[in-house]
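In: Predicted model and sequence below, questions to follow.
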Amino acid sequence: MIYFVDGLLWAIALALGLVAASRSRHLLRDSLREGAVDCLRLMPRIMLGVIGAGFVAALLPQELVGRWLGADSGIAGLCIAVVGGAFTPGGPVIGFSIGAAALKGGAGTPQVIAYTVAWALFAVQRLTLWEIPVMPQRLVWLRVVGSLPLPFLAAAGAMLLGRP
Amino acid sequence: MRPHHQHGSIRLSHEAPIQRRPRKTFDWSTAFIAVVVVVAAAVVYRRDGQARFLEILSSDFHLFVDILPKVLAACLIAAFVAVLMPRQVVLRWVGAESGFLGIVVATLAGVICPGGPITIFPVAASFVAIGADVGAAIAFITSWTLLGYARVLVWEWPFFGADFVTWRIVISIPLPIVAGLLARFIAGLSARTGGCE
């Protein structure tokens, strides 16, 4: 599955590269250089984000997370889930494994949904390493403010729909 | 930030300079994370010993090697999109006057675009650079992070199973649109009061 995503990304890059080449060789060369330089500049951040994540995750008390997000933790649990989601370090492995562990450890489904949505939207590590350096500043804060209600809406949706 | 609009008509040119934010190799946010990582690594080393330290390091290093080709592909796609994407198309579908439809289009684009959270930001930034509306760009990012199939299939499904994932996705479908509309509303508000940036 991972190679499928890789293959798709490279197929798109290749197709775009061919279109660029058909316009002019100059365009292709400039774009290739631009993309490669961007990738190099991102390298230290990726290194930190990926290689550092494991250490930060190793320090997280996972059982405690499960207890805080219990099914009867209510609104307080939701708030903890949102803040916890935002401050969960590391890549998808860590965010999802904590969510899955919490669910197994008796956490409420709305809380876990709020947690995964908050993590997907606000993970501080991703925000500081990826988004702030790459995006226009105004767009970053607009996105964060505009997304603030989303984890709560998702949890409300989960409560309204009930279990699948 | 709307250099393409003059007297109500949209001026388009392939030669118009693309507004890119200059990227620094190292900045305060990266430095902050670096400090956190070094402290965490030191604590793990002291608490759990060298074997555990090396185990974490090697598994994360494999992940890093795995991610690199994706990042390079994403950066190249972003660079190509910035020069190839016709501005007219971007402005018409997700530009400042694209309205509600623009946000819906951006949401759909987020769903079908491949890649994980690492790849979205360069691409979204290049769309904004060629004139996409902030609300649409935010709907695009939100939709990619919440509904993107690549992340769901690669990561979420194995951890949570089909029931939870399907349920979470159904609940998440309207969220990118909410985020896009809200961001656009706040942008309008801050532009009117002159309090932005």
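Out: On my side now, so go ahead.

In: Could you find the residue nearest the spatial middle of chain A?
Out: A:A120 (3.9 Å; CA atoms, centre = their mean).

In: Just list what whichever helix in chain B runs longest packs against, helices and strands only.
Out: When chain B is parsed with DSSP state H, its longest helix is helix B:28-84. Judged by 3 or more CB pairs under 8 Å, 6 or more residues apart in numbering or on different chains; DSSP states H and E, helix B:28-84 is in contact with helix A:2-23, helix A:25-46, helix A:52-58, helix A:132-134, helix B:117-129. Yep, even glycine has a C-beta here, placed from its N, CA and C like the rest.

In: Mind splitting chain A into its structural domains?
Out: A:1-43, A:60-161 (automatic domain parsing).

In: Let me have those in CSV, adding distance to chain B and mean pLDDT as columns.
Out: Formatted as CSV, those follow (distance: least, CB to the nearest CB, whole Å; pLDDT from 0 to 100):
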stretch, distance to chain B, mean pLDDT
domain A:1-43, 4, 85
domain A:60-161, 3, 83
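
In: Kindly reformat the ones you listed as a markdown table containing distance to B:A96.
Out: Conversion of the domains of chain A to a markdown table gives the following (distance: least, CB to CB, whole Å):
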| stretch | distance to B:A96 |
| --- | --- |
| domain A:1-43 | 25 |
| domain A:60-161 | 14 |
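
In: What's the local residue count around A:V56?
Out: Using other CB atoms under 10 Å in any protein chain shown, A:V56 has 21 neighbouring residues.

In: Distance of the residue sitting furthest away from the middle of chain B relative to A:G52?
Out: Distance from the centre of chain B peaks at B:G49, with 37.5 Å (CA atoms, centre = their mean). Relative to A:G52, B:G49 is positioned 19 Å away (CB to CB, to the nearest Å).

In: Single out the most deeply packed of the domains of chain A.
Out: Comparing the domains of chain A by mean neighbour count (mean count of other CB atoms under 10 Å in any protein chain shown), domain A:60-161 comes out on top with a mean of 20.

In: coming back round to it: wait, the residue nearest to the centre of chain A touches B:L146, no?
Out: Yes: between A:A120 and B:L146 a contact is recorded at 5.7 Å, counting by CB atoms under 8 Å.

In: Save the helices and strands packed on helix B:28-84 as JSON lines, and put in distance to A:G157 too.
Out: Output for these, formatted as JSON lines (distance: least, CB to CB, whole Å):
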{"stretch": "helix A:2-23", "distance to A:G157": "28"}
{"stretch": "helix A:25-46", "distance to A:G157": "34"}
{"stretch": "helix A:52-58", "distance to A:G157": "28"}
{"stretch": "helix A:132-134", "distance to A:G157": "29"}
{"stretch": "helix B:117-129", "distance to A:G157": "22"}
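
In: Among the ones you listed, single out whichever gets nearest to B:V105.
Out: helix B:117-129 (11.6 Å; CB to CB).
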